[in-house]
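A.B. asks: Next comes the sequence, and after it the predicted model I'd like to discuss.
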There are 2 protein chains.
Amino acid sequence: MLRSLSRIRIQQSKRQFTTSSRWRSALLPRTIRQILDAAPETASTTEITVNGWIKSVRRQKAVAFAQLSDGTDLNSRGLQIVFGKPEMAEGLDLGTSVSLVGAIVKSPSKGQSYEFAATSVKILGTCIPEEYPIQKKAHTTEYLREHANFRPRTDEIARMLRLRHAAKRAFEDYYEVNGFTSIQAPVITNNDCEGGGEVFRVLPDQNDPGDGESKESSHFFGNPAYLTVSSQLHLEAFASAFSRVYTLQPAFRAERSHTNRHLSEFWMLEAEMAFVNDLSVIMDVVEASIKHVIRDTAFQETLASDSQRAQLDSMASVPWKRITYTEAVEALRQGLGVDAFEWGQNISVEQERWLADNVGGGQPLFVTNYPTNQKPFYMRVNTDESDTTGSTVACFDLLVPRVGELVGGSLREERVDYLEAALNKHGLPADQYEWYTELRRFGTTPHGGFGLGFERFISWVGGWENVRECIPAPRWKGRCVL
Amino acid sequence: MLRSLSRIRIQQSKRQFTTSSRWRSALLPRTIRQILDAAPETASTTEITVNGWIKSVRRQKAVAFAQLSDGTDLNSRGLQIVFGKPEMAEGLDLGTSVSLVGAIVKSPSKGQSYEFAATSVKILGTCIPEEYPIQKKAHTTEYLREHANFRPRTDEIARMLRLRHAAKRAFEDYYEVNGFTSIQAPVITNNDCEGGGEVFRVLPDQNDPGDGESKESSHFFGNPAYLTVSSQLHLEAFASAFSRVYTLQPAFRAERSHTNRHLSEFWMLEAEMAFVNDLSVIMDVVEASIKHVIRDTAFQETLASDSQRAQLDSMASVPWKRITYTEAVEALRQGLGVDAFEWGQNISVEQERWLADNVGGGQPLFVTNYPTNQKPFYMRVNTDESDTTGSTVACFDLLVPRVGELVGGSLREERVDYLEAALNKHGLPADQYEWYTELRRFGTTPHGGFGLGFERFISWVGGWENVRECIPAPRWKGRCVL
């Protein structure tokens, strides 16, 4: 089975590439990455055009050099340009866009195999240094958030965006190969998932003429509509038909606190799996998919340094510890003092990090089976020999060093009587969740799933302090630039 | 270049599959697709478990048959189950979820190579026929929209979801191989893109306690916030750093009319390309990427019939015609009468379909260079020898049979003075678009892009009449189920 699925996919890839020569003939100009990939075959022999933005210029007496980037060169350093006459570099400043004609030649300099010997220069767009918000010096993260339109042109944010791209691709590869169907769950919903209250409402615009109904009371959809806080409940409906589904899509929380782990708009990787009655299977999938990403070649190319790569490699090469909440309580009481923690208490963000560092040994750590009272209505109550009192649910958080909670998952309550009791206990209206309860009434299956905060993942693997630097356009209370 | 990029990707795929044996060992139960793929090696010899939902049961005197689906079997017919004794099929109805133990054996029946000989049956979830909203008979599309939680369990909607999945994957493959970076543009924005008015506002929930500010006037983000109607403007900022970017993500319009082509929430594939000054390059990319998808093996497997495959194959095998708006006007006047159309008039949906059928010959048709007055501010005004008066813009619509407009694209105005004049002419506030204008002030490049309505694409290739059947959870004015 394993081999035959692999065969299918590789054959497909081959087919794709043999036919690709046709569409590759489109007139899209070659990128710097494509030019460098082709360098061994074309160096010195072919006159080519290269386009990009100037990163830096060094003028000498008889010659000038520039670094040119078009965003496709992996290290942001770009392609070294050699101008035979220094006056060819006139008018070139940080940010100037140019189209150059010349040839790729072997580079005598260190740190690069090839450089570009320019024979003609065409300035496409000037970039006056005195007016350009981006300067050669390093800017603060706060300054760059305010200049969000130019932020992708800086090395760090460009690296983050490449890392996001590679991580997204690698995650999707994992789920593809393992038989998951990708489903785009609705963004506008009349469920607020966890009944948390921190949701955004969706209304037609005030300036919209509408169709005569009262502005104040009008519900465009006939009922109140919200931005989704999680695709989980919806994915459960689709897992009840496709067995395994996943999505990477936006979610929203009207979070009012300012932390380095929260955004009003963020992306979540969520998956649901039917026919699973063992929480460890869900954790296996989480662990395997993350390890798959951090071992992926294209992903690793986007990391900042060999030490970053080595650190992630070491995480990928060991099994991640799994402890219960009850064991975590014991560890906290032993480590921080017996009065520091009582069973039933919430584990704070600081305590999560302490656990990851001290119990997890600096590796990711799963904590399972939290108290029922701390968790949402949909988690499956433990009623087996390990906990006959229903005081815990079959759930887990994955805690990672520095960031804390990265993934949350659980078995979902598939027993209709337990689910109805939980809705009741949480004071949630049964009719609003009728469609969800119905999934248990007709062909229910033991199932479970998880959600991974994509920006937290990027923050963790890429080494950024704040998730605001881990998304193309961050939004938080009080700020929405672009 | 072509070959080396291909090599990279295939090597990567191989690596991925050789390491995959490790994470494949996770305890996720095997899907029907995985079981059937492995059948030649495991048939008759191994006792295995198969899970799924009953699609149908036939009871005979000495034996019973059932069709079992878990959503991974491509044709929705599922796996044929053989019960040695008819009483083993007791309690099995449409929708019942089961876990069966038995063996895969060669099937004597027509239309399938293998079937499953069950030795034991475990009912996981009953599904009482009298109460189950889904019956064996065909339901209307309207009925199924109301039962959106069960809709994915029906053959047609399941096929649509598989087709969506395959199309998404194939589109992303195309952009990956061609050097595009995927960027997740913001969903909440303070721009309303085209100044159209049909936007949704985003507000914190009424029931949210807030932080003491007045409810009526409070803007969570400090300024009015909307749901994006298009990622285009944002993608332009990212293309100004990465040269080629794309996204497949949700967009929103508070559309009040009820048509079979509009949803309040829909998914758009959008791409922007820098260093392109020829509209035909953008059209080449559109045409090539769509042809790539409709030739993709995994995509083709999700089509309903050989005739559907043949029809799409024929579209993929010819170049698609490209005519100007002015030529379209001529054709409409010749075809429908000289009074039927004046230059400057909008081409109606019916006229678009007429053009696709009659000028496009039943194939997709590009119509280019529309009147400036009909189009948004950001499209590049034609000022070359073909049109010195600025009466047209360098844009295109791709019209396809039955559906009409599928893709819209253009060169974007990269000249700051023209852009400012256009903003002014459209009465748009310069300060709100300052970040966008700045892209032209600092290192501007000739560039362009397009947007493809993903549900319209699904509707076109899959043969569905209404886009409401082309998205997991459709939303439109007056209706938001789930």
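C.D. replies: Done, it's in.

A.B. asks: ranges for the helices of the stretch 51-200 of chain A?
C.D. replies: Using DSSP state H, counting those that start in this stretch, the helices of the stretch 51-200 of chain A run over A:141-146, A:155-177.

A.B. asks: How is A:N260 assigned, secondary-structure-wise?
C.D. replies: coil (DSSP: H, G, I helix; E, B strand; the rest coil).

A.B. asks: List the contacts of the closest residue to it other than its chain neighbours.
C.D. replies: Nearest non-adjacent residue to A:N260, counting by C-beta to C-beta, 6 or more residues apart in numbering or on different chains: A:N466, 4.0 Å away. All C-beta spots, glycine's among them, are computed from the backbone N, C-alpha and C. A:N466 is in contact with A:141, A:260, A:459, counting by C-beta atoms under 8 Å, 6 or more residues apart in numbering or on different chains.

A.B. asks: Check A:F454 too.
C.D. replies: With C-beta under 8 Å, 6+ apart, A:F454 has these contacts: A:164, A:167-168, A:248, A:266-269.

A.B. asks: what about chain A, any weak spots by pLDDT?
C.D. replies: Filtered on pLDDT under 70, chain A yields the residue ranges A:1-26, A:75-76, A:192-197, A:206-218, A:386-387.

A.B. asks: And it, what are its domain boundaries?
C.D. replies: According to automatic domain parsing, chain A comprises the domains A:32-132, A:151-480.

A.B. asks: just those domains: most buried one?
C.D. replies: Ranked by mean neighbour count under mean count of other C-beta atoms under 10 Å in any protein chain shown, the domains of chain A are led by domain A:151-480, which reaches a mean of 20.

A.B. asks: Let's see the distance spanning that domain from one end to the other.
C.D. replies: Distance across domain A:151-480, first residue to last, is 15 Å (C-alpha to C-alpha, to the nearest Å).

A.B. asks: Closest residue of the stretch 301-450 of chain A to chain B?
C.D. replies: Using C-beta to the nearest C-beta, the single residue of the stretch 301-450 of chain A nearest to chain B is A:T444, 3.5 Å away.

A.B. asks: and that residue, that one's in a helix?
C.D. replies: No - counting by three-state DSSP, A:T444 falls outside a helix, being coil.

A.B. asks: That one - nearest residue in space that isn't next to it in sequence?
C.D. replies: B:G125 (3.5 Å).

A.B. asks: do the same with A:L27
C.D. replies: Nearest to A:L27 is B:V281, by C-beta to C-beta, 6+ apart, at 4.7 Å.

A.B. asks: any idea which helix or strand carries the one you found?
C.D. replies: Assigned by DSSP states H and E, B:V281 belongs to helix B:279-295.

A.B. asks: who wins for proximity to B:I294 among the domains of chain A?
C.D. replies: Nearest to B:I294, of all the domains of chain A, is domain A:151-480, at 18.8 Å by C-beta to C-beta.

A.B. asks: For B:F252, see how far away the spatially closest residue to A:R77 that is not a sequence neighbour is.
C.D. replies: Sequence neighbours aside, A:Q67 is the residue nearest to A:R77 in space, at 6.0 Å (criterion: C-beta to C-beta, 6+ apart). A:Q67 is 41 Å from B:F252, where distance means C-beta to C-beta, to the nearest Å.

A.B. asks: Check A:I81 too.
C.D. replies: A:I81 is 44 Å from B:F252, by C-beta to C-beta.

A.B. asks: tell me the contacts of A:E465?
C.D. replies: By C-beta under 8 Å, 6+ apart, the residues touching A:E465 are A:260, A:459.

A.B. asks: cutoff 10 Å now
C.D. replies: Neighbour list for A:E465: A:141, A:260, A:402-403, A:459 [criterion: C-beta atoms under 10 Å, 6 or more residues apart in numbering or on different chains].

A.B. asks: now A:R253
C.D. replies: Counting by C-beta under 10 Å, 6+ apart, A:R253 touches A:196-200, A:227-230, A:262-266.

A.B. asks: can you rerun that using 8 Å?
C.D. replies: Residues counted as contacts of A:R253 (C-beta under 8 Å, 6+ apart) are A:196, A:198-199, A:229, A:262, A:264, A:266.

A.B. asks: so of the residues you listed, which ones are in strands?
C.D. replies: A:F266 (DSSP state E).

A.B. asks: and chain B, which of the contacts of A:R253 contact it?
C.D. replies: Here is what survives when those are matched to chain B using C-beta under 8 Å from any C-beta of the partner chain: A:198-199, A:264.

A.B. asks: May I have the phi/psi pair for A:F450?
C.D. replies: With angles defined as degrees, to the nearest 10, A:F450 sits at phi -160, psi 170.

A.B. asks: A:G408 is in contact with that one, correct?
C.D. replies: Yes - A:F450 is within contact range of A:G408, at 6.5 Å (criterion: C-beta atoms under 8 Å).
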